[in-house]
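Chemist: fold the following.
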Amino acid sequence: MQHLYEPNLPTVFFYVHHHGAGHITRAELLITKLQNSYNVVVLYGDLNVKIALNKVCKRSIFEKLPSKWAGQSAVQRSYNTAFEGIEYSEAPLERSITFNLLAQQYKPVLFISDVSAELTIMARSIGLPVLMQRHSGDISGDPTQVFAYECATKLYAPYPKQLETPHYSYFNKTHYLGFISKYTGCESATNTDFGSCITLLMTDAQSAALIARTLIKYTEHVEVIGCQGEAIEGVTYKGKVSNIDQAISANVVVSSGGNNAVSQLLSLGKKLIVIPENRPYQEQDEKARMLAKNNLAVHLPFSAFLQHNNAQIEAALVNVRKTQTNKTQIINATEQFTSEFVELVKEVAIES
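Modeler: I've put the predicted structure just below:
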């Protein structure tokens, strides 16, 4: 460990959540940039985070936090009760002790939370400033999230300000970094006429088959990227791919509302129909509504396919042609994105 540690540099803690590709994708970029000015101790709960980040963040130190869920990976939650599901047991106690001992050992000048409400609160309780990632969606009904937002010194949002929900209460302490995409400046491999093909980006095979079976009624060909699935005439499955810019054949893409997927597809100039997945705080629903409000995409609920609402589906396929993407207003260059983040870190961190 010692050879990774630069004694003349201040140290920051960076917690990276394992759920969703966006957390790790952002962390790769931000930690790589941060390492020029800081020792970065990556806190994680899932080994996959370390495996992914260790490939690119060569000078980072990795420390595993015990799970706060006693004997299980998570619990069913309603997101309306403070510290919901955390039992009176040794599991959260061990997690808290580990966090505090690590803080005592490394003496960080900042805790970056991407994203844990409970660790944000814990960090502030021991005198650490916190830079917390802003979750999309409405967190106002979850007391733990609300208190974490109150505790955070500042928040950063990995999306443009115009996509923020109008009822959000923390505009003044949130810095909007904009979308970022590894495909910024890339040309898409689109090779079909508008409307002759639709690309469906989806990892769940059952949902993909249901949607593809409906979409094929309105186009000559549907290609599904992200999974293999049921054989349907006119539908081909490409499975998981490493680069969607080369895999997508269509101008029109139907996708979930994940931050990573939306930013990448908009950076490629795709006409986007967003079918939100069920997420805490209606995260993807809120994003889809704001994308539609700004004429960047069409919001199409999954219920339209379950209820065979052909009128709603047909309207979405017509309206998606009218969407407009001004990339300069919503997509940030990688260097600009990371530089703004580092300046935010310097602003919030304790002076060493």
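
Chemist: would you mind giving the domain segments of this protein?
Modeler: Residue ranges for the domains of the chain, per automatic domain parsing: 2-180+332-348, 197-330.

Chemist: and these: which comes nearest residue 186?
Modeler: domain 197-330 (5.1 Å; Cβ to Cβ). For glycine as for every other residue, the C-beta is placed from the backbone atoms N, C-alpha and C.

Chemist: output the domains of the chain in CSV; the columns should cover mean pLDDT.
Modeler: Shown next, in CSV, are those (pLDDT from 0 to 100):
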stretch, mean pLDDT
domain 2-180+332-348, 93
domain 197-330, 96
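
Chemist: just put these in CSV and tack on distance to residue 186 and mean neighbour count.
Modeler: What follows is these, written out as CSV (distance: least, Cβ to Cβ, whole Å; neighbours: other Cβ atoms under 10 Å):
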stretch, distance to residue 186, mean neighbour count
domain 2-180+332-348, 12, 17
domain 197-330, 5, 19
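
Chemist: helices along the protein, start to end?
Modeler: 21-34, 47-54, 90-106, 117-125, 143-151, 205-215, 244-247, 259-267, 283-293, 303-306, 310-319, 327-330, 334-348 (DSSP state H).

Chemist: from the chain's centroid, how far away is the longest one?
Modeler: Per Cα atoms, centre = their mean, to the nearest Å, the displacement of helix 90-106 from the mean C-alpha position of its chain is 26 Å.

Chemist: now for that helix, which elements pack on it?
Modeler: strand 11-16, strand 39-44, helix 117-125 (3 or more Cβ pairs under 8 Å, 6 or more residues apart in numbering; DSSP states H and E).

Chemist: next, count neighbours for residue 186.
Modeler: For residue 186, the neighbour count with other Cβ atoms under 10 Å is 15.

Chemist: not counting sequence-adjacent ones, nearest residue to it?
Modeler: Nearest non-adjacent residue to residue 186, counting by Cβ to Cβ, 6 or more residues apart in numbering: residue 245, 5.1 Å away.

Chemist: the one you found and residue 183, how far apart?
Modeler: Distance, residue 245 to residue 183, by Cβ to Cβ, to the nearest Å: 5 Å.

Chemist: what of residue 30?
Modeler: 18 Å.

Chemist: next: residue 219.
Modeler: 24 Å.

Chemist: and what of residue 77?
Modeler: According to Cβ to Cβ, residue 77 and residue 183 sit 34 Å apart.

Chemist: residue contacts, residue 18?
Modeler: 24, 44-46, 48-49 (Cβ atoms under 8 Å, 6 or more residues apart in numbering).

Chemist: sorry, wrong one. I was asking about residue 214.
Modeler: 305, 308, 310, 313.

Chemist: hmm, try it at 7 Å
Modeler: 305, 313 (Cβ atoms under 7 Å, 6 or more residues apart in numbering).

Chemist: circling back: of all the helices and strands packed on helix 90-106, which lies closest to residue 91?
Modeler: Nearest to residue 91 among those is helix 117-125 (12.1 Å), distances taken as Cβ to Cβ.

Chemist: the closest one versus helix 90-106: what angle between them?
Modeler: 40 degrees (axes from the mean of the first three to the mean of the last three Cα atoms, to 10 degrees).

Chemist: kindly calculate the angle that helix 117-125 makes with helix 143-151.
Modeler: 40 degrees.

Chemist: mind giving me the packing neighbours of helix 117-125?
Modeler: helix 90-106, strand 110-114, strand 130-133, helix 143-151 (3 or more Cβ pairs under 7 Å, 6 or more residues apart in numbering; DSSP states H and E).

Chemist: can you tell me what sits against it?
Modeler: 15, 68, 83, 96, 99, 111, 113, 130, 132, 144-145, 147-148, 151-152.

Chemist: 6 Å instead, please
Modeler: 15, 99, 111, 113, 130, 132, 144-145, 148, 151-152 (Cβ atoms under 6 Å, 6 or more residues apart in numbering).

Chemist: widest-spaced pair of those residues?
Modeler: 99 and 145 (18.7 Å).

Chemist: I'd like the distance between the residue nearest the centre of the chain and residue 82.
Modeler: For the chain, the residue nearest the mean C-alpha position is residue 22 (3.7 Å; Cα atoms, centre = their mean). Counting by Cβ to Cβ, the gap from residue 22 to residue 82 is 26 Å.

Chemist: what's the closest non-adjacent residue to the residue of the chain positioned farthest from its centre?
Modeler: Relative to the centre of the chain, the most outlying C-alpha is that of residue 233, 33.8 Å out, by Cα atoms, centre = their mean. Nearest residue to residue 233, sequence neighbours excluded (Cβ to Cβ, 6+ apart): residue 216, at 7.3 Å.

Chemist: would you confirm that the one you found contacts residue 230?
Modeler: No - with contacts counted by Cβ atoms under 6 Å, residue 216 stays clear of residue 230, the gap being 12.0 Å.

Chemist: got the contact list for residue 270?
Modeler: residue 253.

Chemist: returning to what we had before: relative to residue 173, which of the helices and strands packed on helix 90-106 is closest?
Modeler: helix 117-125 (12.9 Å).

Chemist: what angle do the closest one and strand 11-16 make?
Modeler: Calculated by the same axes, to 10 degrees, helix 117-125 forms an angle of 160 degrees with strand 11-16.

Chemist: got the CA coordinates for helix 117-125 in PDB?
Modeler: Output of helix 117-125 as PDB, limited to C-alpha atoms (Å, rounded to 0.1, in the frame of the first residue of the first chain):
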ATOM      1  CA  ALA A 117     -26.700   8.800   2.100                       C
ATOM      2  CA  GLU A 118     -25.700   6.900   5.200                       C
ATOM      3  CA  LEU A 119     -22.000   7.400   4.700                       C
ATOM      4  CA  THR A 120     -22.500  11.100   3.800                       C
ATOM      5  CA  ILE A 121     -24.200  11.600   7.200                       C
ATOM      6  CA  MET A 122     -21.500   9.600   8.900                       C
ATOM      7  CA  ALA A 123     -18.700  11.600   7.300                       C
ATOM      8  CA  ARG A 124     -20.200  14.900   8.400                       C
ATOM      9  CA  SER A 125     -20.700  13.600  11.900                       C
END
